[in-house]
Structures are given as structure tokens and as C-alpha cells.
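*Asks:* okay, structure incoming, though there's no sequence with it:
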Ligand SMILES: Nc1ncnc2c1ncn2[C@@H]1O[C@H](COP(=O)(O)OP(=O)(O)OP(=O)(O)O)[C@@H](O)[C@H]1O
């Protein structure tokens, strides 16, 4: 098939960025909606040039009455297009819980385990600039910092061996819809997208159209660009914070040198503490937890925090702030 501008643009992008290497083994997450069908079609069109090995995974959450028919649609279409498709069925707790967060966590677990089982080095999803714009707005309204505003990245690690790649962050949902229409592809309608009960859908269906009409017709690519710019800043700050942490960390008991940490800029202090807590408490800390740790920078000797989740406390043993486990 002759390439149109969408295939050409993706091909050019992948030549500029080594996200999906030639001969790579790609596992493509396909819901059956317009974005992931556009992604699947594009990767199939580009495959003869890149020599990828392609497989599809569909996650059946079992939430909707048409879930089984949706799964069969993805399976049949993939196989018609010559790509093997595997369907994962959600465990009962996902079916009953019905929260977006639980469903997403389960999906990423399926992606990771299936990629490991099928020896795939890359998982590919169909997130678009529209998803990125919605994520920026959602997180901005929650009071996120740089990290939340740049969370939908082009690439991140699922495991040390497996990357998650989102190569459609440059295209909007309207453009994937036109692409599908132009190719004669009829996506599976997702009834949950129509419900305004989910905050993301309200942003998609009410806030973005309002912003497009009254502020910026190109608000989706504009917010996607904001996210992209911030991604670069975040990577830089994280690298600086890591380098600093390594110079002021002791391991037994885990601690940070508070005099040296106190001399750093607040932006770096917050990141160093977050990295430190994440490493030793094995969970992400929030703004309040980081603030109470930083409070110890100037507190009297032997001051301590109340317990972090899991029971550990931080305590000043000058010149160190140490983590003490129960
Ligand atoms: N049921 C599914 N099965 C397989 N892949 C899926 C499924 N749902 C979503 N995906 C993949 O994830 C992409 C984004 O979908 P969607 O925006 O609905 O997910 P999300 O929950 O917002 O994910 P994220 O948390 O990563 O933003 C899709 O283009 C597709 O590649």
C-alpha cells in the first residue's frame, strides 16, 4: 500500500528517535478504538521497511456487555491483517472494582508479563497528543508539579529489558479518526468514553472543546508541546538530583547529610528526598511527606517525623537525617 502523510510522518519520527529499532519484537496494545487501530495499521504499513515482528494484545476488562464482542473484533481484525492477537481476561476483582486506576494497573501488568512471555522488547500503545493534553489538564487541576505535567512520555521502562513506547503523541484524536475513515477502518465504539462520570471524559468532551473555541484552536498540540518541553526539564533535574544524592547519602542506616542537602536549591532538595524515600520505602511519596522530611533540615537534633506509610520514621542524628524502621 502507498504511504500517506501519516505513515511518512511516523517513519520520519522513528528515524530521528531510536524508539522502535529495526528487527525489534513489538507487542501492540489494541483496545479496538480509533487510536490503537490507527497505530496497528501504521506499524503494519511500516513493517516491510523496519522488519519488526508484530503481535497484538487485547485486555478484556469484562466491564461492558459488548466486551466479548469487542475482543473478538480485535482478534479477527488483527488476524485478517496477518498479526497474531492474544486476549487477556481480567480477574474477578478488576471486573467488579470498575475503577480506571485498577484497570490501568492490570493492563500494564498484562503488557509486561506478555512481553516477557513472548520475548518482546517493546510494548507499543496508541496514546495521542489529545491524551497528552488531557493528562496535562487533569494533573494541573490536581496541583501536580513538573512530573505530573510531563507524565505521558514517548518512552519509559516497564522492566530493565522492556520499554513502553507511545509513538503517536504527535497526532490528535481527530486526525486518527480521519486516518481510520480514509482507510475504511471502523473502530469499535467505546460506550464508557461517552459517559461524563469519568473526569477525563469531561475534560475531553467539555473543557477541551471550550478551550478550542475560546482560547486556542490548537490547544491539544499546544499542551502536548508543553508536556514535551517539561519532559526535558524533568530529565535534567532528575539526573542532577541523582548525582547530588549519591554524594550525600549513607547506607547504614539509610540517611542523608542534612548540612550538604541544606545547601542545595529547594527544587533539588525535594527530588533528592523523593528519590531517597522511594528507594528505601519502595513507594512514591507525596508532597506532604517530602515537606515533613525537609522540615528536619533546620529542626533541633533528635527531632523526628511521624511514621511514613509502612511505619519508618525520619530522625535527625546531626549531621544526618536517618530513616529508622520499626
Ligand atoms: N483494553 C485494552 N487492551 C489493549 N490495549 C489497550 C486497552 N485499553 C487501552 N489500551 C492501550 O492504551 C492506549 C491508551 O488507551 P487509554 O487512553 O484508554 O488508556 P489510559 O487508561 O488512559 O492509559 P494511560 O494510563 O497509559 O494513559 C490505547 O491506545 C491502547 O494502545
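*Replies:* Alright, I've got the coordinates. Just so it is clear, the structure is predicted and the values come from calculations on it, not from any experiment.
*Asks:* give the burial count for the residue lying closest to residue 91 once chain neighbours are set aside, as a bare number.
*Replies:* Closest residue to residue 91 in three dimensions, ignoring its sequence neighbours and counting by Cβ to Cβ, 6 or more residues apart in numbering: residue 106, at 7.5 Å. Bear in mind the C-beta positions are built from the backbone N, C-alpha and C, glycine included. Residue 106 has 18 neighbouring residues, counting by other Cβ atoms under 10 Å.
*Asks:* now swap in residue 149 and tell me
*Replies:* Counted with other Cβ under 10 Å, residues neighbouring residue 149 total 22.
*Asks:* helix, strand or coil for residue 138?
*Replies:* helix (DSSP: H, G, I helix; E, B strand; the rest coil).
*Asks:* surely it meets residue 201?
*Replies:* No. Applying Cβ atoms under 8 Å as the test, residue 138 and residue 201 come out as separate, 11.0 Å apart.
*Asks:* the two: which is more packed in?
*Replies:* residue 138 (18 against 15).
*Asks:* that older thread, look at the residue nearest to residue 91 and report its pLDDT.
*Replies:* Per-residue pLDDT puts residue 106 at 94.
*Asks:* and it, how far from residue 165?
*Replies:* For residue 106, the distance to residue 165 equals 20 Å [Cβ to Cβ, to the nearest Å].
*Asks:* which residues touch whatever residue of the stretch 51-200 of the chain ends up closest to the ligand?
*Replies:* As assessed by Cβ to the nearest ligand atom, the ligand sits closest to residue 126 within the stretch 51-200 of the chain, at 2.8 Å. Residues in contact with residue 126 (Cβ atoms under 8 Å, 6 or more residues apart in numbering) are 29-31, 33, 35-40, 166, 168, 176.
*Asks:* how about it, secondary structure?
*Replies:* coil.
*Asks:* phi, psi for it please.
*Replies:* phi -100, psi 30 (degrees, to the nearest 10).
*Asks:* next up, phi/psi of residue 87, please.
*Replies:* The phi and psi values for residue 87, taken as degrees, to the nearest 10, are phi -110, psi 130.
*Asks:* quick check: it vs residue 263, distance?
*Replies:* According to Cβ to Cβ, residue 87 stands 55 Å off from residue 263.
*Asks:* more neighbours: which of the two?
*Replies:* The residue with more neighbours, out of residue 87 and residue 263, is residue 87; 16 against 13, by other Cβ under 10 Å.
*Asks:* so who does the more buried one touch?
*Replies:* Residues in contact with residue 87 (Cβ under 8 Å, 6+ apart) are 57, 58, 59, 60, 71, 74, 75.
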